[in-house]
Every structure is written in structure tokens, then in C-alpha cells.
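Trainee: when you get a sec, could you give me coordinates for this:
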Amino acid sequence: LFFADDFTYYWYHRSAHRCRLFWMEHVNHHSSEHYNLSTALRQSTLGPAYTFVFYLPLAFVGFHPLAIAVQFGISLIYQYWIHTEAIDRMPAWFEAVMNTPSHHRVHHGSNRRYLDRNHGSILIVWDRLFGTFEPEEEPVVYGLTRNIETFNPVRIATHEWRDMARDVAGARTWGDRFGFLVRGPGWAYTRRAQLAG
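Mentor: Predicted coordinates:
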């Protein structure tokens with residue numbers, strides 16, 4: 001269950017960065033321009049409404065739903081401590097296998113080379129296997145590629161919903177409307193600029 005849950009989390013988390021419908025719920029976790037333990041507490045408001053779909057296969061192959069929920073909780077507890085700049089690097093053997101503060105700082109970076117990297121939960125091996133691993137080699141710039149400049153919790157939690165609704169309403173083709181919903185946020189922001197230009 002540990003490995004199955006960790007594998008599932010990797011794909012859920014990667015999807016949250018690659019599909020705007022999921023990103024609109026995950027973006028508040030990345031909106032902080034500071035990186036500390038409180039960043040870990042910036043969680044999605046409606047994420048549980050769709051996250052469970054990623055975990056259904058675990059139940060279908062025979063894991064008890066309560067066991068899945070407990071392992072999911074263990075995963076979240078593990079991820080809490082990696083939201084820090086207070087720990088530089090762990091021993092090399094640990095960094096090779098486990099998600100660490102260094103790996104997760106990369107994940108929260110808005111630097112171009114760090115975008116959509118290091119999606120792992122407890123293990124970093126899935127990122128290494130599926131080509132999304134990036135080591136921390138340059139100072140991390142935290143926040144979004146376009147920061148929202150507010151501490152208003154309602155705006156933080158809903159700004160991407162508003163932007164997505166505006167993009168869909170302003171799109172000229174069904175392909176763009178669909179794209180603004182399911183393609184990645186990078187595509188959406190680029191396409192919005194193209195349509196405005």
C-alpha cells in the first residue's frame with residue numbers, strides 16, 4: 001500500500017500541475033512567495049471532491065478504504081516537514097530515494113527550470129523514473145510565475161477560478177474553450193496573451 005499510494009500521489013500531483021481544472025484547486029498551495037512550514041498548510045478547498053478518483057484503483061485492487069485513508073494521512077504528515085529552508089541537504093543516499101526539503105523547494109520554485117518538477121510525496125524515485133526530477137542547483141524563487149499580490153484568503157483560493165472562467169468566456173473557438181479547462185496553466189497563460197495580442 002505504501003508504494004501504491006506513493007505512486008498514485010505522484011500522478012495526482014503531476015496532474016494537478018498539468019490540467020488547469022486541477023491546478024485551479026492546487027494553485028493556492030503554490031501562491032506563497034515565502035517557503036516555510038505554513039506553506040504546507042495552504043491546502044486545496046475542493047481538492048477532496050476529485051482527488052479520491054485517483055485513489056479508487058487502490059480500492060479496486062483490494063486495499064481497504066480505511067487503510068488507504070491512513071496511508072494518505074501518513075503521506076501528508078511526511079510532506080509537512082519538507083516545506084522548509086531550515087534544512088539544506090540530507091545525506092546523498094537519502095536524497096537519492098526520498099523526497100527532501102531540497103527536492104521540494106525545487107517543486108515550489110517559479111524559476112523556469114523548476115516548473116512542474118519533483119511531484120513526489122514520500123519517495124522521489126517516481127520523478128527520477130518519469131523524467132520530472134530536477135536537483136536544486138540555483139536559488140529558488142518562490143510563488144507563481146505571475147504572483148497575485150494579496151493576502152486575502154478568498155482571493156488566493158479563487159483567483160484561478162475567476163481567470164479560467166474569464167478565459168473560457170472570452171475564447172473564440174471550442175478548442176480554446178476546452179483548452180482553457182483541461183490543458184496546463186502554462187498553455188492557458190500563453191494562449192491568453194496570444195488572443196489579447
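
Trainee: alpha carbons only for contacts and neighbour counts from here, please
Mentor: Will do.

Trainee: thought Thr132 was touching Asn118?
Mentor: Yes. Applying CA atoms under 8 Å, one finds Thr132 in contact with Asn118, separated by 5.9 Å.

Trainee: so for the two, which sits in the more crowded spot?
Mentor: Asn118 (28 against 19; other CA atoms under 10 Å).

Trainee: now that one, what's its secondary structure?
Mentor: In terms of secondary structure, Asn118 is coil; the call rests on DSSP: H, G, I helix; E, B strand; the rest coil.

Trainee: next one: it from Glu134, what distance?
Mentor: 7 Å (CA to CA, to the nearest Å).

Trainee: between those two, which contacts overlap?
Mentor: Residues within reach of Asn118 and of Glu134 at once, by CA atoms under 8 Å, 6 or more residues apart in numbering, are 103, 106.

Trainee: show me what counts as buried in the helix or strand harbouring Glu160.
Mentor: Using DSSP states H and E, Glu160 sits within helix 153-170. If you call a residue buried by 16 or more other CA atoms under 10 Å, then helix 153-170 has these buried ones: 156-157, 159-161, 164, 167-168.

Trainee: check those residues and tell me the two furthest apart.
Mentor: Taking CA to CA as the measure, the buried residues of helix 153-170 span a maximum distance of 20.0 Å, between Ile156 and Val168.
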